[in-house]
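Novice: pasted the sequence and its predicted model underneath.
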Amino acid sequence: MFKSKRNENKRFYIKSELVEGLDIGQITILVDRETGVNYLHTIWHATGGVGMTPLLDENGKVIVDK
């Protein structure tokens with residue numbers, strides 16, 4: 001009912017999110033609103049590691065939402 005304009009101005013949105021185990025880490029698929037490119041974003045709480053990379057299909061091509 002009430003829409004936040006704050007979310008409409010963000011470049012990325014969360015397509016899906018998976019929290020693994022007991023606070024071990026988090027895997028999120030983000031989509032760039034401007035290009036449609038899907039990114040795999042990971043956070044590993046135990047090590048403090050963070051990573052982000054384009055998500056690829058079975059042929060090695062970047063996944064792009066239209």
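Specialist: Arrived safely. Not measured: the values here are computed from a predicted model.

Novice: show me where the protein has helices.
Specialist: Using DSSP state H, the helices of the chain run over 5-8.

Novice: can you map out the strands along it?
Specialist: For the chain, the strands defined by DSSP state E occupy 12-20, 25-32, 38-44, 49-54.

Novice: which of the ones you listed sits closest to residue 61?
Specialist: Of all the strands of the chain, strand 49-54 sits nearest to residue 61, with 9.6 Å by Cβ to Cβ. (Each C-beta comes from the backbone N, C-alpha and C, glycine too.)

Novice: list the strands paired with the closest one, with their directions.
Specialist: strand 38-44 (antiparallel) (DSSP bridges).

Novice: and the closest residue in space to residue 12 that isn't next to it in sequence, what's its pLDDT?
Specialist: Among residues not flanking residue 12 along the chain, residue 30 sits closest, at 4.5 Å (Cβ to Cβ, 6 or more residues apart in numbering). Note on residue 30: pLDDT of 96.

Novice: what's around residue 30, how many residues?
Specialist: A count of neighbours around residue 30, defined by other Cβ atoms under 10 Å, yields 19.

Novice: coming back round to it: now the strands of the chain as CSV including distance to residue 61?
Specialist: Shown next, in CSV, are the strands of the chain (distance: least, Cβ to Cβ, whole Å):
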stretch, distance to residue 61
strand 12-20, 17
strand 25-32, 16
strand 38-44, 11
strand 49-54, 10
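
Novice: which one of those strands has the lowest average pLDDT?
Specialist: Note on the strands of the chain: lowest mean pLDDT is at strand 12-20, with a mean of 85.

Novice: the inter-axis angle of that one versus strand 25-32?
Specialist: 160 degrees (axes from the mean of the first three to the mean of the last three Cα atoms, to 10 degrees).
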